[in-house]
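In: What follows is a predicted structure for the sequence shown.
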Amino acid sequence: MGAYTIYQNFDFSGGLNTREKVAEISSNECTVSQNWVSSGKAIEVLPGYVKFNDVPVEECASLPVKTMFRFVKPSDPGIKRFLMHCGTAVWVADEVSKEWIKLIPSLTPDSRLSWTVYGDQYCYIVTESDGLRKYNGTSVYFIGDAPSGTTVSAHYNRLIIGGGKNHPNRLFWSEAGFADIWDTANNYQEIPTVKGDGITRTAFFLDGTLIFKHQSIWRISGNMDPFPLSVVSDSIGCTALESVVVYGDKVFFFSNTRHIYCYDGLNLINLTEEKIGALPVSPANAGNVCGAVIDGKLWVSYCDADSNDIYNNRALICDISSTANPKWFGPHTGFRIASFCSFDGHNDTGDIYFGDANTATVWRKGTNFYHGASLYGTTLSADEDSIQVVSTLPVAENTLAGCAIRISGGSGVGQERIVSGNTEFSFDGDFYSGTIQIYRTWDTIPFTDSIWEIGTIDARYRTGVLSMEAPERQKIFDKVFVHTESEGDYPLVVEIIKNHMDGGNQYIYSLLGDTAVWDTAVFDESAFASPDMLDDYIDLDCEEAKYLNIEFSINGRDQPSILYGYILFFTYGDMLNFNGS
């Protein structure tokens, strides 16, 4: 048969699944977007997603969650509140009841809203037409002397408010050290306008504050007013408040040219010009684009101009490890994200929340069980394939199936197993107790001194996106072989959803025969013993693609499994016969 070369071996478990031997994740492993929506599957069926509110807020059930904010009181971190702007009100929910209560009613319809934390007591909330308020986790106070505005942020020891319907180009600031004292007649600065563009967003970045306008970007520095003002760009601006993402020493945003930009303090870098082009966002929806950095990847949600939707319905993901050579995944359908929010306010660690674009629902994509804190407890007893445990939290029957349990202290420490099921954790007056069953027997049975913990490592359904660049002098991806392995008697199925080639063009391909466009191609590893069985391949039907992005999912046939999946890329020379003969 014809010769072939294996170029790369990608482990698409992404290092998140339990392995027999824990190894450092190598640089060529796939980027896993854990359990995000793909192929139109409903959000609620994917492990890793949890509705923060089980039902939409009744008063605005068909409206988007415009923006969200997680307020953790600096002086009392035990006070955690989730704030949501939906309809004409701000709603609040605590971590326990998760029941939305109207906090600020009767806001001006279609008004933009912005939040920030200042000092150790308060979250400050400003709207375009309804002034400034502060919230301490219990009560809301109106700051009568403060102006309205589109955006609020902290600048050293002051609050600054910019934009709004009354003064779209004006930047106000509070007295130094006093966020509640404002002299709006004197303490303001007009930001130069380009074709009448107003202020969209302010954000403290590095050692100054960036002022985004529709068609320009400015910067103030220092803490002596009037503040020194410099121009970052007089042609590139930002039209969407929620698209601005400050991430370390970089800030990302959706521009007036419909491109995604990065600013590193010195240069404006166009991240979409080469591979994606201008995003197909209609002018009517340009203000609704939102973004976040999730697991080190930039997410951008927008509404496609060619669709009939009025809400965001697409998502692009960018590997921003190299802004000089950004790698984009998508656009992905099935997303209806109107706003993002993280637990700690930085959108890069902990749980990530996103507001639904048309059902007044907040969803959570968590990295651990129970809103960012692992489920853990002590051991009552154990046998070879189960463990009787005590916990401070209730757990419904079989909720933990597919998760990984780890013995983190005491006898049997270091062991990890996949959970096959659990009994309901019942309350005995002080704690909750129950039994957790495992798929593979313990090497050392845990005793009563053992400490256990669980995170959401779910092998029943995982999704991910894989990207690779062709080797030098080899710009052809023609056939890709897919093979998976699973521990035990639970074979896996790999669903190749779609792939994306150069220039943002999508090529839908079939696997193991012809399928209709958008049908999911399914490959069963039981029918594939080795790469020599060349009948089982993906024909990409594209002969000159430098980059290959594959979106895939893994399904363990409703049985949790430990994944050892990988994708093999084969390259071949022009003179080689690679048809399996």
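Out: Nice, I can see it. Residues are numbered from 1 along each chain as shown.

In: Checking my notes, Glu59 in a strand, right?
Out: No - under DSSP: H, G, I helix; E, B strand; the rest coil, Glu59 sits outside any strand and is assigned helix.

In: Report the contact partners of the nearest residue to it once chain neighbours are set aside.
Out: Setting aside the residues directly before and after it, Glu59 is nearest to Gly87 in space (Cβ to Cβ, 6 or more residues apart in numbering), at 6.2 Å. Placement of C-beta: from N, CA and C, glycine included. Neighbour list for Gly87: 57, 59-60, 63, 360 [criterion: Cβ atoms under 8 Å, 6 or more residues apart in numbering].

In: By neighbours, which of those wins?
Out: Using other Cβ atoms under 10 Å as the neighbour criterion, Ala360 leads these with 25 neighbours.

In: ok, back up a step: going by distance to Leu393, which of the contacts of Gly87 wins?
Out: Proximity of these to Leu393 (Cβ to Cβ) peaks at Val57, which lies at 25.7 Å.

In: and that closest one, what is it in contact with?
Out: 84, 86-87, 91, 100, 360.

In: Identify the residues contacting Gly291.
Out: Gly291 touches 242-245, 252-254, 260, 298-301, 340, counting by Cβ under 8 Å, 6+ apart.

In: What strand or helix carries it?
Out: Using DSSP states H and E, Gly291 falls within strand 290-294.

In: Residues in contact with the helix or strand following that strand: which ones?
Out: Heading C-terminal from strand 290-294, the first helix or strand you meet, by DSSP H and E, is strand 297-302. Contacting residues not belonging to strand 297-302 are listed as 31, 33, 243, 245, 247, 252, 254, 260, 271, 279, 281, 285, 288-293, 312, 314-320, 335, 337-338, 340, 354 [Cβ under 8 Å, 6+ apart].

In: And the pLDDT at the closest residue to Ala396 other than its chain neighbours?
Out: Nearest non-adjacent residue to Ala396, counting by Cβ to Cβ, 6+ apart: Glu424, 6.0 Å away. Listed pLDDT for Glu424 reads 90.

In: ok, Glu424 - contacts?
Out: 394-397, 434.

In: Check those residues for burial and list the buried ones.
Out: 395, 434 (16 or more other Cβ atoms under 10 Å).

In: Among the contacts of Glu424, give me the pair with the biggest separation.
Out: Farthest pair in the contacts of Glu424, by Cβ to Cβ: Pro394 and Glu397, 10.9 Å.

In: Enumerate the positions of stretch 277-289 that are buried.
Out: For stretch 277-289, by 16+ other Cβ under 10 Å, it's 279-281, 285-289.

In: which one of these is nearest Pro326?
Out: Leu279 (13.9 Å).

In: How many residues are close by the nearest residue to the closest one once chain neighbours are set aside?
Out: Excluding the flanking residues, the one nearest Leu279 by Cβ to Cβ, 6+ apart is Arg258, at 4.9 Å. Neighbour count for Arg258, taken as other Cβ under 10 Å: 19.

In: hang on, Arg258 in a strand?
Out: No - with three-state DSSP as the criterion, Arg258 is located in coil rather than a strand.

In: Report pLDDT for it.
Out: 97.

In: The chain should start at 243 in everything you say after this.
Out: All set: I'll call the first residue 243, so the last point we hit is now Arg500.

In: Extract the C-alpha trace of stretch 508-518 and format it as CSV.
Out: Extracted C-alpha coordinates of stretch 508-518, given in CSV (Å, rounded to 0.1, in the frame of the first residue of the first chain):
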residue,chain,number,x,y,z
LEU,A,508,1.3,50.5,22.2
ASN,A,509,-0.4,49.0,19.1
LEU,A,510,-3.9,48.3,17.8
ILE,A,511,-3.9,44.7,16.3
ASN,A,512,-6.6,43.6,13.9
LEU,A,513,-7.3,40.0,14.9
THR,A,514,-9.9,39.2,12.2
GLU,A,515,-8.5,40.9,9.1
GLU,A,516,-6.5,37.9,7.7
LYS,A,517,-8.6,34.9,8.4
ILE,A,518,-12.2,36.0,9.2
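
In: rewinding a little: could you dump the contacts of Gly329 into CSV and include pLDDT and distance to Val655?
Out: Below are these laid out as CSV (pLDDT from 0 to 100; distance: Cβ to Cβ, whole Å):
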residue, pLDDT, distance to Val655
Val299, 77, 45
Glu301, 83, 51
Cys302, 81, 49
Leu305, 80, 50
Ala602, 56, 45
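
In: re the thing from before, taking the contacts of Gly533 together, which two end up most distant?
Out: Going by Cβ to Cβ, the pair spanning these furthest: Ile502 and Phe582, at 14.7 Å.

In: if you count what's nearby, which of these two comes out ahead?
Out: Ranked by neighbour count (other Cβ under 10 Å), Ile502 and Phe582 place Ile502 first, with 27 against 22.

In: what's near enough to touch that one?
Out: Ile502 touches 494-496, 512-514, 518, 521, 533, 540, 542, 558, 560, counting by Cβ under 8 Å, 6+ apart.

In: can you rerun that using 7 Å?
Out: 494, 496, 513-514, 542 (Cβ atoms under 7 Å, 6 or more residues apart in numbering).

In: before we move on, what about Arg443?
Out: 393, 454, 480, 483, 486.

In: if we go to 6 Å?
Out: 393, 454, 483, 486 (Cβ atoms under 6 Å, 6 or more residues apart in numbering).

In: pLDDT value on Asp800, please?
Out: On the pLDDT scale, Asp800 gets 36.

In: could you pull out the helices for the chain?
Out: Counting by DSSP state H, the chain has no helices to list.

In: the domain parsing of it - what is it?
Out: 247-287+701-814, 349-479, 616-697 (the TED database).

In: By mean pLDDT, show me the worst of these.
Out: Of all the domains of the chain, domain 247-287+701-814 has the smallest average pLDDT, which comes to a mean of 34.

In: if we can go back for a sec, tell me which of the contacts of Gly533 is nearest to Tyr681?
Out: For those, the nearest to Tyr681 is Trp541 (33.3 Å; Cβ to Cβ).

In: what's the distance between Cys560 and Thr686?
Out: Distance check for Cys560 against Thr686: by Cβ to Cβ, to the nearest Å, it reads 45 Å.

In: try Val473
Out: Distance from Val473 to Thr686, by Cβ to Cβ: 66 Å.

In: about what we covered before: for the residue nearest to Leu521, which residues are in contact?
Out: 520-521, 523.

In: what do you get if the cut-off is 8 Å, keeping everything else the same?
Out: 520-523, 528.

In: How about Leu622?
Out: 630-632, 675, 690.

In: ok, now Leu413?
Out: Taking Cβ under 8 Å, 6+ apart as the test, what Leu413 contacts is 402-404, 430-433, 441, 444, 453, 462.

In: Which member of these is positioned nearest Gly419?
Out: Using Cβ to Cβ, the contacts of Leu413 come closest to Gly419 at Ile402, 13.9 Å.
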